[in-house]
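Q: Sequence first, predicted coordinates after that:
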Amino acid sequence: MKTQIEYDMLGQSAEFEGVQRTAKIMAATDVTVLIQGESGTGKELMAKYIHAQSKRNSASLVTINCAALPEALAESELFGHVKGAFTGATCDQHGRIKSAHNGTLFLDEVGELPLSIQAKLLRFLEEGECQTIGQTKAEKINVRIIAATNRDLFKEVEKGNFREDLFYRLNVVPLELPSLRNRQSDITYLINHLSAQLAAKHCLNVPRYNMQTIEQCQRYTWPGNIRELKNFCERMVILLSGKTITIDNLPLEMKTNQKTKVSDPYILPEGGVILEKLEAQLIDQAMNKSHGNQSKAARLLGLTRSALLYRIKKHAL
């Protein structure tokens, strides 16, 4: 029987199934994972999935939203403090790291951590020691780290907003979640599953989507990704329970949104080109722009990852 987490991890596209296979491999180890992806792609859900599939699943998964941490309280929230350690410390407080002992600590939006805290987090990752504020002795803590970000941390390093050493310490095994616009073949599948799930939750009848509506949903770019799709399905379930949903029932932004047509981005030189050589050069540029990330490079070229790998092998790059 599927767990709720497994049920929510829906998708049949090659891009999504490849990510899920990688996640299962990661889950069997204690390796540090950096989940990357746009807002709404399901990074927290993926962290829960990895924890649930791991040998630590009987212990806690502790989540901390780094973007919501005031800099003055960040160290205390992560590492804890003892009574009297600073003004306002009226009692001992376990930090999130200690609370995750023998389990998993999920650092959501890790790119938002203040630089002063990044140094302390790096020390913990390297030594496995948690230094509680007000204590002289550090404690060994056994915890698995999963971090997530919607930022390009490599660029943040170049800007001086993120420590390079911490980036490489977190980026042991990167896992990139594809955006929904790059999972077009999953949209019908997701709409049907989420609508059924949400109808059951609200004790309502599942609405039906006619073919024109489904096609329009597939044309829409879904800037909010899975989160936006789930909100859309819930709205349709509540407002149009048991009815047939037509294009007229769609939100305005979904009725008018069309994929932008690219108009002649490349001008063929008068002397022509050697197509094989051009393809190899474009692949090389895409790999450089994506810092070796094959999924990003594939998206830059409008290819699937498997198609990119075939061409890399063909050109011996």
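A: Structure's in. What do you need?

Q: Residue 238: what's it in contact with?
A: 202, 204 (CB atoms under 8 Å, 6 or more residues apart in numbering). To be clear about C-beta, it is placed using only N, CA and C from the backbone, and glycine gets the same treatment.

Q: Return the distance of it relative to residue 246.
A: Spatial separation of residue 238 from residue 246 under the definition CB to CB, to the nearest Å is 17 Å.

Q: Residue 12 too?
A: Taking CB to CB, one finds residue 12 at 26 Å from residue 246.

Q: Over to residue 279?
A: The span separating residue 279 from residue 246 equals 43 Å under the rule CB to CB.

Q: Confirm residue 148 sits in a helix?
A: No. Remark: residue 148 does not belong to a helix; assigned using DSSP: H, G, I helix; E, B strand; the rest coil, it is strand.

Q: Kindly state the beta-bridge partners for it.
A: Beta-bridge pairing for residue 148 (DSSP bridges): residue 35.

Q: Can you tell me the number of residues neighbouring it?
A: A count of neighbours around residue 148, defined by other CB atoms under 10 Å, yields 26.

Q: what does residue 47 give?
A: Burial of residue 47 is recorded as 24 neighbouring residues (other CB under 10 Å).

Q: per-residue confidence for it?
A: Taken from the predicted model, the pLDDT recorded for residue 47 is 95.

Q: next one: residue 218
A: Per the predicted model, pLDDT is 90 at residue 218.

Q: For it, give me its contacts.
A: Residues counted as contacts of residue 218 (CB under 8 Å, 6+ apart) are 184, 187-188.

Q: for those, which one is nearest residue 304?
A: Proximity of those to residue 304 was ranked by CB to CB; the top entry is residue 184 with 11.2 Å.

Q: give the contact list for that closest one.
A: For residue 184, the contact set (CB under 8 Å, 6+ apart) comprises 13, 218.

Q: ok, it to residue 197 distance?
A: Taking CB to CB as the measure, residue 184 and residue 197 are separated by 21 Å.

Q: next one: residue 147
A: When CB to CB is the yardstick, residue 147 and residue 197 sit 28 Å from each other.

Q: Counting neighbours, go ahead and name the busier of the two.
A: Neighbour comparison, residue 147 and residue 197: the larger count goes to residue 147, with 27 against 18 (by other CB under 10 Å).

Q: And the helices in the stretch 1-150 of the chain?
A: Assigned by DSSP state H, counting those that start in this stretch, the helices in the stretch 1-150 of the chain fall at 4-8, 14-27, 43-53, 71-79, 96-99, 115-127.

Q: residues making contact with the third one?
A: Judged by CB under 8 Å, 6+ apart, the contacts made with helix 43-53 from elsewhere in the structure are 3, 5-6, 8-9, 19-20, 23-24, 26-28, 33, 35-37, 57, 61, 63, 103-104, 106, 108, 144, 146, 148, 150, 175, 177.

Q: Buried ones among the residues you listed?
A: Burial of these was assessed by neighbour count (16 or more other CB atoms under 10 Å); the buried members are 8-9, 19-20, 23, 26-27, 33, 35-37, 61, 63, 103-104, 106, 108, 144, 146, 148, 150, 175, 177.

Q: Tell me which residue is most central in this structure.
A: The central residue of the chain, meaning the one whose C-alpha is nearest the mean C-alpha position (CA atoms, centre = their mean), is residue 43 at 3.3 Å.
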